[in-house]
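K.L.:
How does the following fold in three dimensions:
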Amino acid sequence: MATPSQRIIATAERTLAATDANGRRLAIRLLGALDKLRLFKAAGPDLAQNEPYLGLAMLACSVTAIDDVPLPFPANEAQIERAVQLLGDDGLTAVAEALAEAQDGAGPLDRDSAKN
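P.N.:
Numbers count the residues shown, from 1 in each chain. You can find the predicted model right below:
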């Protein structure tokens, strides 16, 4: 039986996998409260209130790797925009679809979720 801490860590480490229209493999992780707080800080006070910007930024910040090349979590506005640029429309669409599937309970979660 897992302890409460182990369950929290396992949930935080859940990852999704998606392939975009360009054939790139995307590793995606569900953003937690701390991730969102860090995103708001990176975006700054004005952009953190801009819902369209923040929506795309959240999608981009959910990606941890593209074709097994790590994509660090952005620490400022320029890094957020770089992540969005790297993913492009096809990558962001794939991320949005994977996250939507995961919320519906039908997503391709990794090994941690498959055990349950």
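
K.L.:
got the buried residues for the biggest helix by length in the chain?
P.N.:
The longest helix of the chain (DSSP state H) is helix 77-103. By 16 or more other C-beta atoms under 10 Å, the buried positions in helix 77-103 come out as 79-80, 83-84, 87, 91-92, 94-96, 98-99, 102. Where you see a C-beta, it was placed from the backbone N, CA and C, and this is true even at glycine.

K.L.:
now, which of these sits nearest residue 14?
P.N.:
Nearest to residue 14 among those: residue 102, at 8.1 Å, using C-beta to C-beta.

K.L.:
what's the spacing between the closest one and residue 4?
P.N.:
Residue 102 sits 22 Å away from residue 4 when distances are taken as C-beta to C-beta, to the nearest Å.

K.L.:
Which parts of this structure are helices?
P.N.:
Using DSSP H, helices in the chain cover 4-12, 33-47, 51-61, 77-103, 111-114.

K.L.:
Which one of those lies nearest to residue 22?
P.N.:
Comparison of those against residue 22 by C-beta to C-beta identifies helix 77-103 as nearest, at 5.3 Å.
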